[in-house]
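[1] coordinates for the following, if possible.
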Amino acid sequence: MRDQTFTDDFRAQFDLLLRLRRDVRRFRTDAIDEAVLTRCLDAFRLAPSVGLSEPWRVIRVESQPARDAALRNFQTANAQALGGYSDEKAQLYSRLKLSGMQEAPVQLAVFCDDTTDKGQGLGAGTMPEMRRYSVVSAITLFWLALRAEGLGLGWVSILDPDQMARDLDVPEDWRLIGYFCVGMPETQSDTPELEQVGWECRNDSLPIEVR
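    Numbers count the residues shown, from 1 in each chain. All right, here's what the predicted structure looks like:
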């Protein structure tokens with residue numbers, strides 16, 4: 001018997017939320033309502049974590065010097081990444097907008113505390129990377145919460161994580177998971193931008209092996 005906790009309408013809306021989640025690069029510069037942002041950030045509190053360790057550490061990057069340093073970090077890493085491509089792929093890469101750091105009103109750096117005592121190491125003894133996976137799970141919930149509020153998130157991964165840690169002066173045991181731009185998307189689509197511009201295509205089905 002189907003669980004009646006959630007209705008068919010809810011499931012349809014959830015499916016739509018997943019389809020419209022998108023990794024946003026193009027933001028409007030409108031300020032975000034702080035109450036809405038706080039409500040979305042509460043997703044971290046509700047997220048699962050190995051051993052209930054809650055290893056996420058969130059820094060809101062507000063000051064201009066800190067934002068400038070983050071942008072320089074991205075620009076340097078992006079130039080290096082471009083050098084790894086050639087011919088048509090390099091031309092296409094050079095035209096991609098891979099960061100909304102100059103427009104997004106809210107920017108967050110999310111780290112994992114690899115040595116947190118919380119959780120007493122439960123579930124992380126043989127797989128310590130589970131703490132980082134836990135942070136990614138929390139980020140995913142935050143991402144969906146933002147989208148449900150009409151906001152978007154852009155995950156900037158073209159960065160030097162060690163430089164970012166130094167620029168933000170975080171403890172040495174923290175590891176960068178991602179730098180995130182948050183704001184109102186310019187447009188809405190159920191198709192990834194990288195697919196729209198011809199960089200790559202999404203698989204039509206999930207390849208599952210049985211062994």
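[2] any idea which residue sits dead centre in this structure?
    Centre of the chain computed as the mean C-alpha position; nearest residue by C-alpha atoms, centre = their mean is Trp155, 3.9 Å away.
[3] element containing the closest residue in space to Lys97 that isn't next to it in sequence, please.
    Nearest residue to Lys97 in three dimensions, chain neighbours excluded: Arg25, at 4.6 Å (C-beta to C-beta, 6 or more residues apart in numbering). For every residue, glycine as well, the C-beta is placed using N, CA and C. Taking DSSP states H and E as the criterion, no element holds Arg25; it sits outside all helices and strands.
[4] next one: Tyr93
    Applying DSSP H and E as the criterion places Tyr93 in helix 87-95.
[5] hang on, the earlier thing: tell me the pLDDT of the residue nearest to Lys97.
    You'll see Arg25 listed with a pLDDT of 95.
[6] kindly report the same for Arg2.
    The predicted structure scores Arg2 at 67 on the pLDDT scale.
[7] what about Asp113, neighbour count?
    For Asp113, the count of nearby residues is 19 (other C-beta atoms under 10 Å).
[8] to clarify, my last question referred to Ala47.
    Under the neighbour criterion other C-beta under 10 Å, Ala47 is assigned a count of 18.
[9] just checking, it touches Trp143?
    No: Ala47 is beyond contact range of Trp143, at 11.1 Å (criterion: C-beta atoms under 8 Å).
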